[in-house]
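K.L.:
take a look and give me a structure for this.
(2 chains)
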Amino acid sequence: MLRDHNEIIRNRYAKADAMRAEGLNPYVNAWQPTHASSDIRANAEALIADKTPVRVAGRIMTVRHMGKASFFHLQDGAGRIQIYIKRDVTRAADYEVFKKFADMGDIAGVCGEVFVTKTGELTVLAQTFEILTKSVRPLPEKWHGLTDVETRFRQRYVDLIVNPAVREKFVIRSRMISAIRTMLESRGYLEVETPMMHPICGGAAARPFVTHHNALDIDLYLRIAPELYLKRLTVGGMEKTFEINRNFRNEGLSARHNPEFTMLELYTAYWDYRSTMELTEDLVRHTTREVLGRTELTFGPRRIDVGPPFERLTYLEALARYYPAAAAVGFSWSDPLEVTRSKAASLGYKTETATTHGIISELFEHHVEPQLTGPVFITEFPKASSPLAKSKPDDPFVAERFELYMGGMEIANGYSELNDPREQYERFLEQMAARSSGDDEAHQMDEDYVRALECGMAPASGLGVGIDRLAMLLTDSHSIREVILFPLMKPE
RNA sequence: GGGCGCGUAGCUCAGAGGUAGAGCAGCGGACUUUUAAUCCGUUGGUCCUGGGUUCGACUCCCAGCGCGCUCACCA
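P.N.:
Below is the predicted model:
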């Protein structure tokens, strides 16, 4: 791989060797800039007026040779600044270095005065020029850049060099997480870190990755969710906690799924899901305003405004509104399986799914979810699919649970936490029964978690937010891979 | 896993059963305010891999690999 050198690469390695032969280091140890390109732009008038020399460093991106003078742009972390290098101004030895050794893609340092060219571009007139790092591999061309999706992800470093919009997306992602963290801290939440390696896999319904600890000779699961550990902290008296970190699910890849993805989970003692819904709304609105400076989002053809109060619909209301045929049939969580199946069949929908809630979920995901531009809270999920959630006092089939939908995607999920140890134990038993009848995503029994609940967990409510999906919304990205720096790829 | 599509120079892309093409990049030359700089000249290829058909395959066929879209899965 590293030896597949073509003529261009061989020539550039030869230039690096030639530099060494002249006593120049093609990979210098350090070089201190005084200004970023953005600093020069921000202070342009003063810098031009007092002729203060500036030191800037960056990657040579476009070169225009004109005999005994050249223009090029240096690209640094903040943007680009044009450099003018000319024989009768630049130190003679440095001018020679530029002529003999500099290539597009090299990282260079320049010191000089700031001026404006006659075409009006802010420019540094180089008094000195140094190559700080020799680049030997040619960059993609300047017009079309790099568009090949596979190369963009496999060689994200090249993508970041030549596609400024890509960098911008990851800046937005970082600011988004920072805004979330700041807001939660200001509201008294404590950021914690819980294990990524779990002896018992729980907190969600998903297939796990399995690994092995040699010294203990035990299998461990990469976590599919931090939920059960965070609620142990609630038992321990940590009343407001959150964790922003990776979850791992051993499932297929899609535009909305990467096997490792980032989740915000938070827990608040003494709250129920209604309060958590309000917090979720604040969180999304505040973060959007903080990062984008507005509340309106463009997501493909959709316009999403997180400014006004979020709409709220129960699960079955949403099904009825967005799939009117289902309303006519009238689904109910309390229907026996055969009844639900025949109702679905009357809609022309045949399924092998073995539960009432499973069939209704399929209809919801297929017919309703894509239409939920939102922001909209869907509430009152079936208890049978929410084994860690508290049920509604007045409806034994429904859990106090909500999900937030935006852009046709599930963004967040929250509920009132089940804290009755006996009921939790029984729900684990039901999950184990489902597991032994073939549902390999059902929860495992977690005896210690039940023991923790036996100590008494204050009433509490929790929230999970898909950070990658939120980043997709804030950056108008339609694949999760656009907001994950190094998405999973098959090895080359 | 199924279906559809793609894989040609460093990059972006044409092409076609009979010598492999362009632009940009690169290399050589002219040019001291250019910015897709311009002008002259020029190098560069495992046409994804392996089989097959054929006098001849980059092209057609089969298989594989990688990628994309999509369906399934992901409540």
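K.L.:
report all helices and strands that the one helix or strand A:Leu160 maps to contacts.
P.N.:
Using DSSP states H and E, A:Leu160 maps to helix A:156-162. If you count contacts as 3 or more Cβ pairs under 8 Å, 6 or more residues apart in numbering; DSSP states H and E, helix A:156-162 packs onto helix A:149-154, helix A:164-186. The C-beta positions use only the backbone N, C-alpha and C, and glycine is treated the same way.
K.L.:
swap the cut-off to 7 Å and go again
P.N.:
On a contact count with 3 or more Cβ pairs under 7 Å, 6 or more residues apart in numbering; DSSP states H and E, helix A:156-162 meets helix A:164-186.
K.L.:
one step back: how far does the helix holding A:Leu160 sit from the chain's center?
P.N.:
18 Å (Cα atoms, centre = their mean, to the nearest Å).
K.L.:
buried sites along it?
P.N.:
For helix A:156-162, a neighbour-count test (16 or more other Cβ atoms under 10 Å) marks A:Arg156, A:Val158, A:Asp159, A:Ile161, A:Val162 as buried.
K.L.:
return the distance of the first one relative to A:Arg167.
P.N.:
A:Arg156 sits at a distance of 10 Å from A:Arg167 (criterion: Cβ to Cβ, to the nearest Å).
K.L.:
got the residues of the stretch 151-300 of chain A near RNA strand B?
P.N.:
Residues of the stretch 151-300 of chain A that fall close to RNA strand B, judged by Cβ under 7 Å from any atom of the strand: A:Thr151, A:Phe153, A:Ala204, A:Ala205, A:Ala206, A:Arg249, A:Glu251, A:Gly252, A:Ser254, A:Ala255, A:Arg256, A:His257.
K.L.:
out of these, which sit inside helices?
P.N.:
A:Thr151, A:Phe153 (DSSP state H).
K.L.:
number of residues surrounding A:Tyr323?
P.N.:
By the criterion of other Cβ atoms under 10 Å, A:Tyr323 has 19 neighbours.
K.L.:
surely it and A:His367 touch.
P.N.:
Yes: the criterion here is Cβ atoms under 7 Å, and A:Tyr323 meets it with A:His367 at 4.0 Å.
K.L.:
ok so, going back, I'd like the residues of the stretch 151-300 of chain A next to RNA strand B as JSON lines, with neighbour count appended.
P.N.:
As requested, these are arranged in JSON lines below (neighbours: other Cβ atoms under 10 Å):
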{"residue": "A:Thr151", "neighbour count": "13"}
{"residue": "A:Phe153", "neighbour count": "18"}
{"residue": "A:Ala204", "neighbour count": "20"}
{"residue": "A:Ala205", "neighbour count": "18"}
{"residue": "A:Ala206", "neighbour count": "15"}
{"residue": "A:Arg249", "neighbour count": "21"}
{"residue": "A:Glu251", "neighbour count": "14"}
{"residue": "A:Gly252", "neighbour count": "7"}
{"residue": "A:Ser254", "neighbour count": "10"}
{"residue": "A:Ala255", "neighbour count": "13"}
{"residue": "A:Arg256", "neighbour count": "16"}
{"residue": "A:His257", "neighbour count": "14"}
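K.L.:
for the record, mean pLDDT for stretch A:399-408?
P.N.:
The average pLDDT within stretch A:399-408 is 94.
K.L.:
who's in contact with that stretch?
P.N.:
Stretch A:399-408 has contacts (Cβ atoms under 7 Å, 6 or more residues apart in numbering) with A:272-273, A:277, A:280, A:299, A:302, A:304, A:369-379, A:381-383, A:386, A:389-392, A:410-416, A:473.
K.L.:
thinking again about what came up before, show residues contacting the helix holding A:Leu160.
P.N.:
Applying Cβ under 7 Å, 6+ apart, the external contacts of helix A:156-162 come out as A:Arg59, A:Leu139, A:Pro140, A:Gly145, A:Leu146, A:Arg152, A:Val166, A:Arg167, A:Leu485, A:Phe486.
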